[in-house]
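K.L.:
After the sequence you'll find the predicted model.
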Amino acid sequence: MVSAFACGAPGFPSRSAEERQPNRPGAHRLAALLAAAALSGCGRSPSHRAIEELSGRCGAQLGVTYAEAQAALSDATLMVEPACSATLLSMCEGPPPCGNDSCGDASAADELCQVLWYWLPGDPTACQGGYCVCELRLEETALDAEQGSAPICAARFLEGQPGP
């Protein structure tokens, strides 16, 4: 995360010329490299910043209800209604539960439903040349019984995805 100071925010004390340019070999080059690195995050496009916000918003849906997730992600270019399957694998890298998936693997007895929200940004580089997708999962039994009140049990944000 880029600090406000790195982006030139007002209210930070200015350093003297001696502090900015110490009298050491290579200090000027090092100072220039550090300044360039600090400022690199300041030039991100609005599309890139919007995608970062979408990623955070997608992850925040874990544990909320399906209806709350629909409202929070309603600005998507396209939403694909729940598709339930007995073959969806866990999003976890290790054994569930993990940070973004409390569902685990689907099975014939415990099918999981996958809901996808797609965004196509104006800047083609913002989502690595494809769509950005928020994938949420719910248990089919909860969705059938509770409908909009069914809890989201897994969430992940993907970039560079093909269209639906």
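P.N.:
In hand now; what should we look at? Source: prediction; values computed, not measured.

K.L.:
what's around Ala60, how many residues?
P.N.:
Here the count is done by other C-beta atoms under 10 Å, and Ala60 has 14 residues near it. Any C-beta I mention is one placed from the backbone N, CA and C, and that applies to glycine too.

K.L.:
now do Ser107
P.N.:
Neighbours of Ser107 using other C-beta under 10 Å come to 11.

K.L.:
How about Ala50?
P.N.:
Ala50, neighbours per other C-beta under 10 Å, totals 18.

K.L.:
Leu62 too?
P.N.:
Counted with other C-beta under 10 Å, Leu62 comes out at 19.

K.L.:
Where does the residue nearest the centre of the chain sit: helix, strand or coil?
P.N.:
Nearest residue to the geometric centre of the chain (C-alpha atoms, centre = their mean): Ser55, 1.8 Å. With DSSP: H, G, I helix; E, B strand; the rest coil as the basis, Ser55 sits in helix.

K.L.:
residue contacts, it?
P.N.:
Residues counted as contacts of Ser55 (C-beta atoms under 8 Å, 6 or more residues apart in numbering) are 132, 157.
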